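Chemist: Got a predicted structure here, sequence first:
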Amino acid sequence: MAFALLRRFVLVLSFAAAIILPAMAQAQQSKDPETTRIEQIIRNYLLENPELLVEVMQKLERRQKAKEQEDRISAIKKNRKALFASTNDHIVNPMGRIPVVEFFDYQCGYCKKFLPNVVRLLKSDKSVRFIFKEFPILGEASVVASRAALAAKMQGKYLAYHNALMGLRRGLTETLVFQIAEDIGLDVARLKTDMESPEISRIIDENRKLARSMGIRGTPTIVVGEQMAPGAVSYSRLTALIEDARKNCSVC
C-alpha cells in the first residue's frame with residue numbers, strides 16, 4: 001500500500017512538472033508576457049486545486065490498466081497456438097477446456113512455492129488443461145534442468161521428474177539433476193544424450209521468444225485463458241482466474 005501511494009505521488013509530481021515546466025521554459029525563452037501570464041494562471045490553479053492532479057492521475061491509471069489488459073489479451077490471442085497447443089510442452093489433461101500455462105524455472109523459489117497449488121489443481125479440476133512451459137532464466141543450472149526435464153518427457157516421466165526437481169529444497173547442481181533422474185528410474189545415459197539434441201535447444205529458444213513477445217520477464221507467470229498473472233498466486237486466486245475463463249474466455 002505504501003509503495004502504491006508513493007508511486008501515485010511520484011506520478012502526480014511528474015504530471016505537474018510536465019504541465020508547468022514546459023510553460024515556464026517557453027516563457028523564459030520567448031519573454032512573452034502573455035505566455036508568462038498563462039503559465040502563472042495554470043500554476044496558481046494547480047496549487048489551489050491539487051485534488052485535480054489526483055483525479056487526472058487516477059483516470060490516467062485506469063486508462064493505462066485498461067490498455068495493458070487489452071495488450072495482454074491481444075498478445076495471448078496472437079500466440080494462442082504456441083501457448084495452448086504446442087507439442088513441445090508437457091500437457092496434463094490435453095482435452096481439458098480451460099487452458100492454464102505456467103512459465104517456470106527450476107531454481108525459482110516462488111515456482112517451488114506454487115507447486116502445491118499445481119498439484120492440488122490437477123487433482124481437483126479435470127476441466128483444466130495444464131501446460132508446463134520450460135523457461136530457464138536463472139543461470140546455467142536452470143538450463144541443464146530444463147534440458148533434462150524435456151529429455152525425461154521422451155521417456156514418459158516428465159511430471160514425476162518435474163515434481164522431484166521442484167520439490168528440491170537446496171541449491172540445484174548438475175550432479176543433482178542427474179541424481180534425481182536416477183532416483184525416479186530414468187535412463188540417465190539416454191537422458192544425457194537426448195538433452196543435448198537440437199530439438200531441445202529449439203524448444204527452449206522458442207519458449208524464450210514467446211515469453212519476450214508477451215512481456216514475460218519473471219517466473220512463475222501464469223496464463224489462464226485471457227488473463228496473465230505474475231508470481232506465485234494463491235490457490236483461491238488461481239481458481240478465480242479459472243472460473244473467470246470458464247465464463248468469459250474467447251480463446252479457450
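Modeler: Received the coordinates, thanks. Residues are numbered from 1 along each chain as shown.
Chemist: And stretch 209-222, how far out from the chain middle?
Modeler: Here the centre of stretch 209-222 is set off from its chain's centre by 5 Å, with Cα atoms, centre = their mean, to the nearest Å.
Chemist: any idea of the mean pLDDT for it?
Modeler: Looking at stretch 209-222 alone, the average pLDDT works out to 94.
Chemist: Flag every buried residue along it.
Modeler: Taking 16 or more other Cβ atoms under 10 Å as the basis for neighbour counts, the residues of stretch 209-222 that come out buried are 210, 211, 214, 216, 219, 220, 221, 222. Just so you know, the C-beta spots here come from the backbone N, C-alpha and C atoms, and that holds for glycine as well.
Chemist: On the three-state scheme, the residue nearest to residue 170 when sequence neighbours are not counted is what?
Modeler: With sequence-adjacent residues excluded and distances taken as Cβ to Cβ, 6 or more residues apart in numbering, residue 170 is closest to residue 176, at 7.8 Å. Three-state assignment for residue 176 (DSSP: H, G, I helix; E, B strand; the rest coil): helix.
Chemist: in terms of contact, does residue 176 touch residue 169 like I think?
Modeler: No. Counting by Cβ atoms under 8 Å, residue 176 sits too far from residue 169 to count as a contact (11.3 Å).
Chemist: Mind checking which of those two has more residues around it?
Modeler: The residue with more neighbours, out of residue 176 and residue 169 and counting by other Cβ atoms under 10 Å, is residue 176; that gives 18 against 6.
Chemist: Local confidence estimate at that one?
Modeler: 96.
Chemist: and the residue nearest to residue 170, how far is that from residue 157?
Modeler: Distance check for residue 176 against residue 157: by Cβ to Cβ, to the nearest Å, it reads 17 Å.
Chemist: thought residue 185 was touching residue 157?
Modeler: Yes. With contact defined as Cβ under 8 Å, residue 185 and residue 157 form a contacting pair (7.0 Å).
Chemist: out of these two, which sits in the more crowded spot?
Modeler: Shown here are residue 185 and residue 157; by other Cβ under 10 Å, residue 157 has more neighbours (19 against 11).
Chemist: what sits against that one?
Modeler: By Cβ atoms under 8 Å, 6 or more residues apart in numbering, the contact list for residue 157 reads 184, 185, 186.
Chemist: Does residue 142 touch residue 107 like I think?
Modeler: Yes. Residue 142 sits in contact with residue 107 when judged by Cβ under 8 Å, with a separation of 4.9 Å.
Chemist: Which neighbours do those two have in common?
Modeler: Where contact means Cβ under 8 Å, 6+ apart, the residues bridging residue 142 and residue 107 through contact with each are residue 172.
Chemist: what's the distance between whatever helix or strand residue 35 lives in and the middle of its chain?
Modeler: Residue 35 belongs to helix 33-48 when assigned by DSSP states H and E. Offset of helix 33-48 from its chain centre (Cα atoms, centre = their mean): 44 Å.
Chemist: Pull out the buried positions in it.
Modeler: Along helix 33-48, the positions that meet the burial threshold by neighbour count (16+ other Cβ under 10 Å) are 35, 36, 39.
Chemist: Just the mean pLDDT for that helix, thanks.
Modeler: If you average the pLDDT values across helix 33-48, you get 75.
Chemist: Find the centremost residue of this protein, please.
Modeler: residue 221 (3.4 Å; Cα atoms, centre = their mean).
Chemist: Thank you, goodbye.
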